[in-house]
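Trainee: Output the structure for:
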Amino acid sequence: MNEQSLAGQAAFAPANTADVAEALIASSGLRIEGDRRRGRAAGLNPSGRFEPMHREAFDDGWQTLEELPPFKTEVQIEKPRTAITRNESPDVPFDRSINPYRGCEHGCIYCFARPTHAYMGLSAGLDFEARLFAKPDAAKLLERELARPGYKPRVIAIGTNTDPYQPIEKEWRIMRQILEVLNKANHPVSIVTKSALILRDIDILQEMAAKNLVRAALSLTTLDRKLARAMEPRAATPPRRLEAIQALTEAGIPTSVMAAPMIPALNDHELERILDAAKVAGALEAGYVILRLPLEVAPLFRDWLLQNYPDRYRHVMSLVRSMRGGKDYDAEFGKRMKGAGPYAWQLARRFEMATKRLGMTRRSMPLRDDLFVPPDGSGVQLSLL
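Mentor: Alright, predicted model coming up:
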């Protein structure tokens, strides 16, 4: 990026703003343009925070950057020891989850899971969207864990980190294998996704729903297809997500909508419209989450915002910080999901009034865990004692 293009961006952004200057500096050194990042949300690919060296792309005048190949989706196999991840966070309604994949091809710029790629020595930017990890043994590991003596069933949440129905699931089918194990064991599960691919597994989900073992939630961030394309480039379009809600509901699968994340001055004005549309499609319940910008997500989002909505940059970030104690993010339990302050309070009241008007305030019956039948334990290593 040359000085002229930087000056052109600065003309749209407020002068003498430290955050804009910071974003411009980051963009000048690391921004990846053109066909190399076509169909991706992040424009940066900075080194992971645990790496001993920091690398930057630099044009030496010989157009060497133009010769670099585009970011194509690559999938590596990950061999974890367990399938179930335990959670002790007091502000989430589950204590265990499963993540079939690490990284997510949907590429949502706001994804709070991006920083987890640093543990693999990779970037939270474009690497998170393009260099993915699949866990093909997840279903077998799950079966072994469910067969262990003393295992007590509780609802397993899937899709709380990266999307289990992201595009590579079409080929790997790990999520379907997991559902087959859970269905056979009569184990309760809750699913969150922003993909219509969930309809592929409607046969299994119907069987589980008949025994009150499953509920699904579709994440719907915006009804604006242009905004969705820029913010969630490889996720299902908003109409497709509404169609998925309708199809799941008609199949007897209890389905809700997650208006998440709500981003002030960008999509929060759509909150009532999102809930209205989801209700018409058949959603029984609703939830929302305020934008979260932990660790590397903050500079990635700020850069994206400056590139796509430079005229709103200062306003959006000012409102975000007004809900986060003056910071980009506050990870304090009880505040990280809903924020704090007048603007967060106003959004909460709007959600409360809208869901009350639509009759979406009731809560469905808890999923059953008394039907659980442990797997036969085939393949489980026996004790030597």
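
Trainee: all strands for the stretch 151-300 of the chain, in order.
Mentor: All strands of the stretch 151-300 of the chain, identified by DSSP state E, counting those that start in this stretch, fall at 156-158, 189-193, 214-219, 255-262, 285-290.

Trainee: Enumerate every residue touching residue 279.
Mentor: Shown in contact with residue 279 (C-beta atoms under 8 Å, 6 or more residues apart in numbering): 358-360. C-betas here are computed from N, CA, C, even on glycine.

Trainee: out of those, which are buried?
Mentor: Buried members of those, counted by 16 or more other C-beta atoms under 10 Å: 358, 360.

Trainee: Among the contacts of residue 279, which one lies nearest to residue 121?
Mentor: Of all the contacts of residue 279, residue 121 sits closest to residue 360, with 43.1 Å by C-beta to C-beta.

Trainee: thought the closest one was touching residue 282?
Mentor: No. Using C-beta atoms under 8 Å, residue 360 makes no contact with residue 282, being 11.1 Å away.

Trainee: Any idea how far stretch 250-261 is from the middle of the chain?
Mentor: Between the centre of stretch 250-261 and the centre of its chain there are 16 Å (C-alpha atoms, centre = their mean, to the nearest Å).

Trainee: burial of the residue lying closest to residue 334 once chain neighbours are set aside, as a residue count?
Mentor: The spatially closest residue to residue 334, leaving aside those adjacent along the chain, is residue 91, at 5.7 Å (C-beta to C-beta, 6 or more residues apart in numbering). Residue 91: 11 surrounding residues under other C-beta atoms under 10 Å.

Trainee: ok, now residue 288?
Mentor: The burial count for residue 288: 22, using other C-beta under 10 Å.

Trainee: Contacts only, for it.
Mentor: Residue 288 neighbours (C-beta under 8 Å, 6+ apart): 258-260, 262, 271, 347, 351.

Trainee: now for the strand or helix carrying residue 354, which elements pack on it?
Mentor: Assigned by DSSP states H and E, residue 354 belongs to helix 342-358. Packed against helix 342-358 by the contact rule (3 or more C-beta pairs under 8 Å, 6 or more residues apart in numbering; DSSP states H and E) you find helix 271-281, strand 285-290, helix 313-322.

Trainee: in it, what counts as buried?
Mentor: By neighbour count on 16+ other C-beta under 10 Å, the buried set for helix 342-358 is 343-344, 347, 350-351, 354-355, 358.

Trainee: What sits closest to residue 213 if chain neighbours are left out?
Mentor: residue 188 (4.9 Å).

Trainee: got a list of what residue 216 touches?
Mentor: 190-193, 198, 205, 248, 253-256.

Trainee: cool, residue 241 as well?
Mentor: 194, 196, 218-220.

Trainee: Averaging pLDDT per element, find the lowest-scoring helix or strand in the chain.
Mentor: Sorting the helices and strands of the chain by mean pLDDT, DSSP states H and E puts helix 3-12 at the bottom, at a mean of 36.

Trainee: Tell me the pLDDT of the residue lying closest to residue 319 once chain neighbours are set aside.
Mentor: In space, and not counting its chain neighbours, residue 319 is closest to residue 264: 3.6 Å by C-beta to C-beta, 6+ apart. As predicted, residue 264 sits at a pLDDT of 97.
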